[in-house]
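1. Next one to model:
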Amino acid sequence: MLIHRHLRGIALLEGLISVVVLSVGILALGKLDAHMLGAAGLTKARAEAAQLAQAEIEALRTQVLKSSFDGIGDQPTTSVAGKNALFTVLRTVTDLNTTLKRIDVTVSWVPPANWGSPTDGGAGTDSVTVRTLLNWSDPKLLIHLEEGVPGYENALHPPIGLAKRPAVPIQREAGEAGVYNDGDKRELRDTAGNVLLVLDPIDKNNPREFATISGRIYFDTDRLKSNFQPAKVLVASTAEGHCFPSTSASIALTTVPDTGGKLKYYEYKCYVGEGWYANIAIQNLDTNEVNVCVGDPTFTTSSSMNYWTTLPMAQPASRRVYRGYKSLESAATGYFITGIANGGTYPEDGMPKPSHFSSYSTSSTTQNYFNHHFLITDLKAQDSCQSVMSGFSTHFHKNAGAALCLSPDDSPADDKCPKIWPGWPTFIDAGAGDFGGGDSGEDDGSGGSANTCSGTVSGSTESSGAKVSATSSVETVECATSGGNIKNYTCGITAAEGSTTVTVSQTSGNTTVTKTLLEPFVCNAINTLNFP
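-> Numbers count the residues shown, from 1 in each chain. Reported below is the predicted structural model:
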């Protein structure tokens, strides 16, 4: 066989190339395996670091006492020997308010070289940061939730009230829209005879009655666009309830005589059941955007009325909030929400101004903001709800603002209205308001004396069974007590800033001891007074 000289050794060369390729592949696989092992180690370390950070946070959540919660602060770095690395834990705490803290826990470590370059932190380190908000709430609230509120099985009653929509459609004879009797039951029907809501009786021969909220929807026709259709603006309850008119076809506008045809309105009436606490809201079905205004344009807040969170000032709001309140027993502060009373009628009923009270004058007096009107307008750049509403004479004077306190409510306990509603802002501004006169002893908006404000009075008592109360020129409040043989007390109270007449009374058996604060009353602070 003839073999060409230039082909000699080709098989050997191919074999060598194959060996090189195979070696490179094996080396690459080895490096890939090492990289995967490093990545797995990094993942495990990150997971363990996150667990350490979460464990640190969960340990803080176990602080039940307010003093322990207040003591939570920054923590210097500590070392923890983990399964995958040596970790360093750092905790930083930011106080957002007296009961809310922001917690940042950072866990860092130095990964081995074969894990690859760190992705966080400085050179040669890696880290994981977990952030959370930590809120403290009084454990006594849980006791009250279990005990419940008189009139309820427990305190967590829903806002829908006792009125119910029929499980299956009920058709009655057509007629006027309104309330009809069905034995001891009450039915709300529309003009077609459809049953919209049903109220079961309290017991036999003892029916419940619907509560109602009435007012007017005003239209600023001078500012609204010419193609705006007022009949497409409806009123609705945000919980179980029904408002009339409920269709565009049933809306007819009335012109207010002294406005040159610039102000028109229709009247609405909403039906709800006992226990309802929710919102009455505006639904705009028109394609044009509008502004909705509530409140009284003659009222503005002032520093001496910074607790007026029923917000009676003129302002934009597409809904009005209705809430009732009762105090927590044996607590200086804290409230349960209550609902509307059986058969309550607004605006005839109602306490639109927050105050500590057990009774209140009717809406026919000059002190009340009793109208429940809304104004539909189109605010221009220079406009505000106050300026626009002021242009319509007295039609929006004494009009309820963005919130209204329900009273009478559905609880047998004394009605209360927190001077600062839970979850609502405090308004402080310059201005004055016309609340009218009166000597009923209730809060008439004058603040009692200049620059009244909220603060806390606390200290220790002599007797473990003592009852403690605090008194200022504005109010008298019962104090919450806690502790062992020597009890501590805490009161939230409103008083004149700098007052020297705030007193605290301790009653044990038939003996009452009253002491006056040693220093002038300080707003938004803890004023200490101990017994003896």
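2. dump the residue contacts of the closest residue to Ala50 other than its chain neighbours.
-> Excluding the flanking residues, the one nearest Ala50 by C-beta to C-beta, 6 or more residues apart in numbering is Val128, at 5.3 Å. (C-beta placed from N, C-alpha, C; glycine too.) Contacts for Val128 (C-beta atoms under 8 Å, 6 or more residues apart in numbering) come out as Arg46, Ala49, Ala50, Ala53, Thr106, Val107, Ser108, Asp120.
3. so what does the strand or helix carrying the second one touch, helix or strand wise?
-> This points to Ala49. Ala49 belongs to helix 10-61 when assigned by DSSP states H and E. Helices and strands touching helix 10-61, by 3 or more C-beta pairs under 8 Å, 6 or more residues apart in numbering; DSSP states H and E, are strand 86-97, strand 100-109, strand 126-135.
4. looking at the ones you listed, which is buried most?
-> Of all the helices and strands packed on helix 10-61, strand 100-109 has the most neighbours on average by mean count of other C-beta atoms under 10 Å, namely a mean of 20.
5. Okay, now the sheet partners of that one, with direction.
-> Here strand 100-109 is paired, per DSSP bridges, with strand 86-97 (antiparallel), strand 126-135 (antiparallel).
6. Could I get those strands in TSV, plus columns for distance to Gly261 and mean pLDDT?
-> Converted to TSV, the strands paired with strand 100-109 look like this (distance: least, C-beta to C-beta, whole Å; pLDDT from 0 to 100):
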stretch	distance to Gly261	mean pLDDT
strand 86-97	51	88
strand 126-135	54	81
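7. Same list (the ones you listed) but as JSON lines, adding distance to Asn399.
-> Shown next, in JSON lines, are those (distance: least, C-beta to C-beta, whole Å):
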{"stretch": "strand 86-97", "distance to Asn399": "33"}
{"stretch": "strand 126-135", "distance to Asn399": "36"}
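8. What residues are bridge-paired with the residue nearest to Ala50?
-> Beta bridges link Val128 to Val107 when assigned by DSSP bridges.
9. likewise the one 5 residues further on?
-> Beta-bridge partners of Leu133, counted by DSSP bridges, are Arg102.
10. Retrieve the pLDDT associated with the residue nearest to Thr254 when sequence neighbours are not counted.
-> Of all residues not flanking Thr254 in the chain, Tyr265 sits nearest, at 5.8 Å (C-beta to C-beta, 6+ apart). At Tyr265, the predicted lDDT confidence score is 97.
11. How is this structure divided into domains?
-> 13-136, 210-405, 452-528 (automatic domain parsing).
12. so of those, which one's packed in deepest?
-> By mean count of other C-beta under 10 Å, the domains of the chain have domain 210-405 as the most buried, with a mean of 19.
13. and the end-to-end length of it?
-> Domain 210-405 has an end-to-end distance of 18 Å (C-alpha to C-alpha, to the nearest Å).
14. when you give positions from now on, start the count at 4
-> All set: I'll call the first residue 4, so the last point we hit is now domain 213-408.
15. returning to what we had before: and Ser253, which of the strands paired with strand 103-112 is closest to it?
-> Closest to Ser253 of these, according to C-beta to C-beta: strand 129-138, at 47.3 Å.
16. what angle do the closest one and helix 13-64 make?
-> Put simply, strand 129-138 runs at 20 degrees to helix 13-64, going by axes from the mean of the first three to the mean of the last three C-alpha atoms, to 10 degrees.
17. Distance check, Glu61 against Pro248.
-> Distance of Glu61 to Pro248, given as C-beta to C-beta, to the nearest Å: 54 Å.
18. Please apply the same query to Phe72.
-> For Phe72 relative to Pro248 (C-beta to C-beta), the value is 52 Å.
19. try Glu500
-> For Glu500, the distance to Pro248 - C-beta to C-beta - is 49 Å.
20. just Leu89 next, same as before
-> For Leu89, the distance to Pro248 (C-beta to C-beta) stands at 73 Å.
21. again, but for Val27
-> Relative to Pro248, Val27 is positioned 84 Å away (C-beta to C-beta).
22. what does Arg134 give?
-> With distances taken as C-beta to C-beta, Arg134 is found 50 Å from Pro248.
23. ok, the nearest residue to Gln57 once chain neighbours are set aside - contacts?
-> Leaving aside its sequence neighbours, Gln57 sits nearest to Val133 (C-beta to C-beta, 6+ apart; 6.1 Å). Going by C-beta under 8 Å, 6+ apart, Val133 touches Ala53, Ala56, Gln57, Ile60, Asp107, Val108.
24. Settle this for me: the last one is touching Ala56, isn't it.
-> Which is Val108. Yes - using C-beta atoms under 8 Å, Val108 is in contact with Ala56, at 4.1 Å.
25. what touches both of those two?
-> Contact criterion C-beta under 8 Å, 6+ apart; residues shared by Val108 and Ala56: Val92, Thr132, Val133.
26. where does the stretch 254-403 of the chain dip in pLDDT?
-> 303-314, 331-338, 352-373 (pLDDT under 70).
27. at 80 what do you get?
-> 301-316, 328-340, 351-373, 384-385, 401 (pLDDT under 80).
28. ok, which stretches of it are strands?
-> Using DSSP state E, counting those that start in this stretch, the strands of the stretch 254-403 of the chain run over 257-258, 266-275, 282-287, 294-297, 318-319, 322-330, 338-341, 348-349, 377-380.
29. of all those strands, which lies closest to Lys207?
-> Of all those, strand 266-275 comes closest under C-beta to C-beta, at 23.4 Å.
30. what angle separates the closest one from strand 282-287?
-> Interaxial angle, strand 266-275 versus strand 282-287 (the same axes, to 10 degrees): 130 degrees.
31. hmm, back to that, for Ser217, which of the strands of the stretch 254-403 of the chain is the nearest?
-> Nearest to Ser217, of all the strands of the stretch 254-403 of the chain, is strand 266-275, at 4.6 Å by C-beta to C-beta.
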